[in-house]
Each structure stands twice: as structure tokens, then as C-alpha cells.
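Asker: structure, please.
(4 chains)
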Amino acid sequence: MAIHISAHTFEPWQLISQHETQSNLGRQFGATATFIGSMRDFNDDAAVTEMVLEHYPEMTERYLKKLEAEATQKWPLIDCLIAHRVGHIKPADAIVVIACWSAHRRAALDACNWLIEELKFKAPFWKKEARPDGNVWVEHNTAG
Amino acid sequence: MAIHISAHTFEPWQLISQHETQSNLGRQFGATATFIGSMRDFNDDAAVTEMVLEHYPEMTERYLKKLEAEATQKWPLIDCLIAHRVGHIKPADAIVVIACWSAHRRAALDACNWLIEELKFKAPFWKKEARPDGNVWVEHNTAG
Amino acid sequence: MSIQVKFFASLREQIGQSDRSIEHASTADEVWKIATNNAEQPDNLLVAINLEYAKLASPVNDGDEVAFFPPVTGG
Amino acid sequence: MSIQVKFFASLREQIGQSDRSIEHASTADEVWKIATNNAEQPDNLLVAINLEYAKLASPVNDGDEVAFFPPVTGG
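Answerer: Model prediction:
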């Protein structure tokens, strides 16, 4: 299990691949489900050229660890990775990466799905978007 | 949209990353959901040392294309990739890769989930496992 | 013209053939009977005609490809 | 001992401060009132005490860290 909060761009597939290699997961996992959220160049129909992601460092890390622990209790996961960007973000940058490894597909898919919903609605991150008419705090997450 | 049926080992994260680069998806996608199924070294509690995956080439390709087309009708997907191994497979090899790109997470996650279930229960592939007591055709997929 | 018949996976091994052609048949069920010499049909037998899932009662025409196979287990 | 108070995101900008400490308060609600000079509370105000979600009515002790922030928008 790992939490990775980064102020620098990361390549999501490389991050997942590295985690898989380093964690030495062996041959027991038959299913990996991942979700990548990346920065679009539009939101609520407005053009977005840049974004700043603020967080509450100690609480964020603690909260994400708690989510991983809860997911591992709810589903038989072999491993789990949550990565999240903070700071200045450009369109097409990866913002969030969730990856869940399990023996069977249902656990991996359901845990991944649950983690991204929990993270979006509860983990202490806040987005401020640079739009043509100025900088705007995002007030709510899209429903999906 | 792409279908990739391969008789050779592939590295799933590299495959997804390459597809993303080559398809030039731009900055409209905010969500990518993936599922990777890989070969465990056990099934139904028996040790499995190797596997042969048979398919019905023309029908399999047609069926996977149909699944991608249906998923794209059901959800607003920007792109979609299905890759599947055939032939001789070793433990830890990736067997199936599903990746769905969309503007929003719900479409990507739901389409990915739907595609793996449809593929497992309808696409013409058959597994024969090498177990300590001989070669055995897998008779049914696990429920999840 | 003739009808191409294919068997896959465990069924291919049980029937002992993977490909053959037969002269004429009017349904997939009749294709099975002719191609297998009336072998017993497994309960969970699947049929495809021209690469699309079909039923045993589905009509078959000259030039069609009819495939029989067990439940699929990919992914 | 004192109570550490933090504000985040749009709330940090509205209140015009990110960190401060206050002498004493018995609930998170009282922390808000003291730290903001009785500023109006947004409807969707969120509170954490010692890095865990809490309520405005939750008790606060000397040495605690109390944070106020708007709805989260990560992921």
C-alpha cells in the first residue's frame, strides 16, 4: 500500500508499473483496476489554462491512508496505490491515480470505484482554476 | 478505438501508454479507467503452471469490435482499447487489457466494468490450464 | 457450395475434428447431427452462424460457416 | 498551550488568514467565532479537529489543531 502526494508531474502508467515491480506482488493477483483523473482544458464549459491544487498536507496523507486501510478491509486487496498531484497543474497532467490489485476482478474494480468516489468527496484537496475571466475556486465536484 | 489480439507477451501499462500517445487524445479526456486481467498461478485452488488460450479468430475480432462500438453508444467515450492474449501463457502474463477514456469518470469506470463482464461471458476465448494432474479445460469463468 | 463447420476447445477435442464441410443442412441443429454423426449435444452448447451467435434452430444456408463451442472462458 | 487554527482554499482567501493561534475555546464553533471575529459561517463549512473530520459542536482542547475549509474538490 502506498500514498504518493507530488508537487511534480508524474506519468501515471509508469508510476503504476514501477509500484507493481517494486512491491514484488508475485503471481497471486489476477486483476488490476485503475482510475486516472487528468486535467481537462475545460470545466463547466469554460476554458481552463492552469490549475492550482491546494491541500492540507498532514490531514490529506492521513485521510488517504485511512481510505486504503478501509478499502483493504472491505475487499480482499493484495495491494493498493493512491497518487495525487498538488501545486501548479497544466492541462493533460495526471491529477489522481488509483490502482487496486486483487486475486479476482470484482474486488479490484469495486475497490477502485469506491476509492475514487471517497477521495473526490472527502479528501482535503481544493482546485483553483485559471480561466479567461480570472482565477476561480472550483465549488463542487462533478457528479461523475 | 483499437482491438489488439496477440500471441506474444505484452506489457499492459506500456500498451496503454502507447495507445494514448499514438491516438493523440488531446486534452479533452479527464478520466481513464482500466482493467488488467493477468494469469494467476492458481485457479479453483489448483496450481497452474501454464495455460493455452484458444480463440475463434474472425469471430473474436468481430465480437470485440462490436463490444467497443456498443460501449461507445452507451457511454460518451473518447477512446477505448481492448487487448487480449492468445496462445501459450505463463503465470503473471497479462491476459486482457481494457482501457476507456472519457471526459468524466462515471462513463470511463462504468464502460470499463461493462466491457470486462461482456468480454468474459461472451467473447469466444477458451482457456486450457496445465495443472499438476494434467491439462484441464476451464469450464466456467469465476463470478468475479 | 457447402457449409463450413467448426468446433472449438473441449468440444473440438471430444468430437475429434476442428473443421469440416458438409453438403447441405437447413438448421444449425441439423448441421450438428450430420457433422458429428448424431453425437449427443452438451447442455451448454453454443452456436455461431457466420461469426454471430445463433440458436440450434436458426436456419443455415449454403456457404454459411457454422461453429460449435463450449461456454467461453476468456478475460 | 493554545489552539492552532487553519483556514484553507477559498475560505483562507475570504478570511484573509491561513494560520493563527487562539488562547482558549470549548467548541469548534467557538474557535470560529474567536478566530474570525464572528464572521458569518458559510452553509457548507467543513471542520477538522486534529486532522479528523469533526462538527462545529465538537469539543476542543488546549493543544488541538482546528481547521476550517470549504467542500473538497480533489481527484
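
Asker: show me where chain A has its helices.
Answerer: Taking DSSP state H as the criterion, chain A contains helices spanning A:12-23, A:57-74, A:105-122.

Asker: C:K6 and B:P57 touch, don't they?
Answerer: No - between C:K6 and B:P57 there is no contact under C-beta atoms under 8 Å: 10.8 Å. In short, each C-beta sits where N, CA and C put it, glycine included.

Asker: who has more neighbours out of the two?
Answerer: C:K6 (19 against 11; other C-beta atoms under 10 Å in any protein chain shown).

Asker: what ranges does chain C have for its helices?
Answerer: C:9-15, C:28-36.

Asker: okay, those in TSV with mean neighbour count, distance to A:T9 and mean pLDDT next?
Answerer: As requested, the helices of chain C are arranged in TSV below (neighbours: other C-beta atoms under 10 Å in any protein chain shown; distance: least, C-beta to C-beta, whole Å; pLDDT from 0 to 100):
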stretch	mean neighbour count	distance to A:T9	mean pLDDT
helix C:9-15	19	47	96
helix C:28-36	20	56	97
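
Asker: what parts of chain A come near chain D?
Answerer: A:37, A:53-56, A:58-59, A:62-63, A:84, A:95-96, A:116, A:119-128, A:137-141 (C-beta under 8 Å from any C-beta of the partner chain).

Asker: are any of those buried, and which?
Answerer: A:37, A:53-56, A:59, A:62-63, A:84, A:95-96, A:116, A:119-120, A:122-128, A:137-138, A:141 (16 or more other C-beta atoms under 10 Å in any protein chain shown).

Asker: just to revisit the earlier point, right, so the helices of chain A: which one is the most enclosed?
Answerer: Comparing these by mean neighbour count (mean count of other C-beta atoms under 10 Å in any protein chain shown), helix A:105-122 comes out on top with a mean of 22.

Asker: what packs against it?
Answerer: strand A:31-38, helix A:57-74, strand A:77-85, strand A:94-102, strand B:31-38, helix B:105-122 (3 or more C-beta pairs under 8 Å, 6 or more residues apart in numbering or on different chains; DSSP states H and E).

Asker: re the thing from before, ok, which of the helices of chain C comes nearest D:L45?
Answerer: helix C:9-15 (61.4 Å; C-beta to C-beta).

Asker: what packs against the closest one?
Answerer: strand B:125-131, strand B:134-137, strand C:65-69.

Asker: hmm, 10 Å instead?
Answerer: Contact here means 3 or more C-beta pairs under 10 Å, 6 or more residues apart in numbering or on different chains; DSSP states H and E; on that basis helix C:9-15 packs against strand B:50-55, strand B:125-131, strand B:134-137, strand C:3-7, helix C:28-36, strand C:65-69.

Asker: how about CSV for the ones you listed, with distance to chain A added?
Answerer: What follows is the helices and strands packed on helix C:9-15, written out as CSV (distance: least, C-beta to the nearest C-beta, whole Å):
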stretch, distance to chain A
strand B:50-55, 12
strand B:125-131, 12
strand B:134-137, 17
strand C:3-7, 28
helix C:28-36, 32
strand C:65-69, 23
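
Asker: can I get these in CSV with distance to D:K33?
Answerer: Conversion of the helices and strands packed on helix C:9-15 to CSV gives the following (distance: least, C-beta to C-beta, whole Å):
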stretch, distance to D:K33
strand B:50-55, 67
strand B:125-131, 65
strand B:134-137, 71
strand C:3-7, 79
helix C:28-36, 79
strand C:65-69, 73
